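Participant: Coordinates for the following, if possible.
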Amino acid sequence: MTHLHDGACEPLTIALPKGRLADQAIDLFAAAGLPRPELDNGRKLIVESADRTVRYVLAKPSDVPTFVEYGAADLGVCGLDTLRESQRHVYEPLLLPFGYCRLSLAAPADRPDTPLRYESQPRVATKYPNLTADFFRARGVNAEIIALSGSVELGPLVGLADLIVDLVETGDTLRANGLVETRTILEVQAVLIANRAAYHLKRQAVEKVIGRLRHHLTEREKKETWNGGNH
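Facilitator: Numbering: from 1, shown residues only. Below you'll find the predicted structure:
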């Protein structure tokens with residue numbers, strides 16, 4: 001295990017998105033030799049490592065970039081979709097090898113050409129209004145964006161929207177609801193983000209985290225390449 005600093009220093013605060021991404025991030029940190037949070041009953045929102053050098057904050061995924069930009073956390077882990085949608089000003093020192101999916105435009109399977117009819121004003125249901133608006137604006141399409149927080153697949157089914165923009169992993173949910181992907185807007189994976197001030201004020205601890213993660217990922221990639229070449 002790597003200690004991030006010596007002596008009685010303020011712990012490094014890392015914001016993690018509650019759920020599977022947090023579990024994957026903690027496993028990756030531990031594999032890279034970084035302090036793991038102490039086990040608890042699963043109800044605490046702030047959990048320290050045993051050596052008290054790291055404080056992990058478990059936040060709603062969409063709040064992680066906000067915590068990091070405003071300095072409530074020094075580092076954070078979130079999806080590229082969440083980061084781009086939030087439009088927060090943070091550093092992005094490292095992409096992480098999990099959380100893979102894509103943000104896609106989807107249309108009803110019986111009329112998949114709808115996105116191509118740019119003379120109309122499509123109504124688009126999404127949890128990502130900023131990314132969706134940017135996508136259509138860049139193509140000169142005056143789309144009406146309808147922000148939803150639940151299952152956006154319902155949009156076309158109930159006549160609320162012509163199209164949807166949503167995260168897709170396998171596509172099973174789309175197919176089950178009569179929808180097909182027509183465009184990939186953003187390839188998504190997890191990313192390590194850093195507060196701009198902390199990157200300088202806590203440079204030693206921040207760079208140690210980034211360095212350990214980068215070294216571990218490089219070594220893992222070498223091992224996978226070596227094993228793949230020996231089959």
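Participant: starting at the chain centroid, how far to the top helix by length along the chain?
Facilitator: Assignment by DSSP state H gives helix 203-229 as the longest helix of the chain. Relative to its chain's centre, helix 203-229 lies at 20 Å (Cα atoms, centre = their mean, to the nearest Å).
Participant: so the residue positioned nearest the centre of the chain bridges to which residues?
Facilitator: Nearest to the mean C-alpha position of the chain, by Cα atoms, centre = their mean, lies Gly79 at 0.6 Å. Under the criterion DSSP bridges, Gly79 forms beta bridges with Ala190.
Participant: Distance of it relative to Leu21?
Facilitator: Remark: distance between Gly79 and Leu21 (Cβ to Cβ, to the nearest Å) = 7 Å. Any C-beta I mention is one placed from the backbone N, CA and C, and that applies to glycine too.
Participant: Buried ones in the helix or strand bottoming out on mean pLDDT in the chain, by neighbour count?
Facilitator: Taking mean pLDDT, DSSP states H and E as the measure, helix 203-229 is the helix or strand of the chain with the lowest mean score, a mean of 89. For helix 203-229, burial by neighbour count (16 or more other Cβ atoms under 10 Å) applies to 205-206, 208-210, 212-213, 216-217.
Participant: Quickly name whichever of those is closest to Tyr56.
Facilitator: Of all the buried residues of helix 203-229, Tyr56 sits closest to Val209, with 12.1 Å by Cβ to Cβ.
Participant: So that closest one is in contact with Gly33, correct?
Facilitator: No. Counting by Cβ atoms under 8 Å, Val209 sits too far from Gly33 to count as a contact (10.4 Å).
Participant: low pLDDT regions in this protein?
Facilitator: 1-9, 39-42, 112-119, 228-231 (pLDDT under 70).
Participant: what comes up buried for the longest strand belonging to it?
Facilitator: Secondary structure of the chain read by DSSP state E shows that its longest strand is strand 91-108. Under the neighbour-count criterion of 16+ other Cβ under 10 Å, strand 91-108 has 91, 93-94, 96, 99, 101-108 buried.
Participant: And for stretch 18-38?
Facilitator: Buried, per 16+ other Cβ under 10 Å, within stretch 18-38: 21-22, 24-26, 28-29, 32, 34-37.
Participant: Need the max-distance pair from those residues.
Facilitator: When Cβ to Cβ is used, the two most widely separated members of the buried residues of stretch 18-38 are Leu21 and Pro35, lying 18.5 Å apart.
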